[in-house]
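1. Fold the following.
(one chain, ligands or ions: 2)
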Amino acid sequence: MAWYSKGVCFTCKGCAHCCSSEAGYVFLSAEDLKNIPSFLSISEEDFLERHTRRVDMGTYYQLSLLERDDLSCEFLGKDGRCGIYPVRPLQCRTYPFWPYLFSDRALLEAEKANCPGIGEGRLYSESEIRKMVKDTLVDKLVTIVK
Ligand code: SF4
Ligand code: SF4
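-> Ligands and ions are numbered 1, 2, ... in the order given. Purely as a prediction, here's the structure:
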């Protein structure tokens, strides 16, 4: 039985901490690579060149959005809102329902220090959580063989 079989509460408080507080990666899925350039009205090539970086994962690369010198995501607006919210990446849409964070109750508990929405508000059922965890698995993300 999964440790989250009775569900987990989460409601985003809109604090933007996860978009700005520390160095990190916003990895992109194949779907993100279509949706975001379309939303920005630029070509996929332009998007790749101007807004992404390759992250060395050892035997392969993954694509991540760029971040600013202050460590905020380049799509975070001055108003604290996501500038590409309707097409925000899979990784952003499914946070905090990530495989790593749900692999152990203690990891999600520790994540509360980064996100005030975990443990608050709407109750997500085990089946909803399983779907989002599955959606965020690494095989949905773009990988580039070295
Ligand atoms: S840290 Fe949590 S509450 Fe704050 S914006 Fe991110 S998901 Fe929402
Ligand atoms: S794409 Fe939007 S939701 Fe995702 S990290 Fe950037 S600003 Fe935040």
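2. Where does pLDDT dip in this structure?
-> Scanning the chain for pLDDT under 70 picks out nothing.
3. which parts of it sit against ligand 2?
-> 19, 26, 73, 75-76, 82, 84, 88-89, 92 (CB under 6 Å from any ligand atom). Yep, even glycine has a C-beta here, placed from its N, CA and C like the rest.
4. Let me have those in CSV, adding secondary structure and distance to L63 as columns.
-> Formatted as CSV, the residues of the chain next to ligand 2 follow (DSSP: H, G, I helix; E, B strand; the rest coil; distance: CB to CB, whole Å):
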residue, secondary structure, distance to L63
C19, helix, 18
V26, coil, 9
C73, strand, 14
F75, coil, 15
L76, strand, 18
C82, strand, 18
I84, coil, 15
R88, coil, 15
P89, coil, 10
C92, helix, 14
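5. Mind picking the two most distant members of these?
-> Pairwise distances across the residues of the chain next to ligand 2 (CB to CB) peak at 12.7 Å, for the pair L76 and P89.
6. Tell me where this structure has strands.
-> 8-10, 52-56, 60-65, 118-124, 143-145 (DSSP state E).
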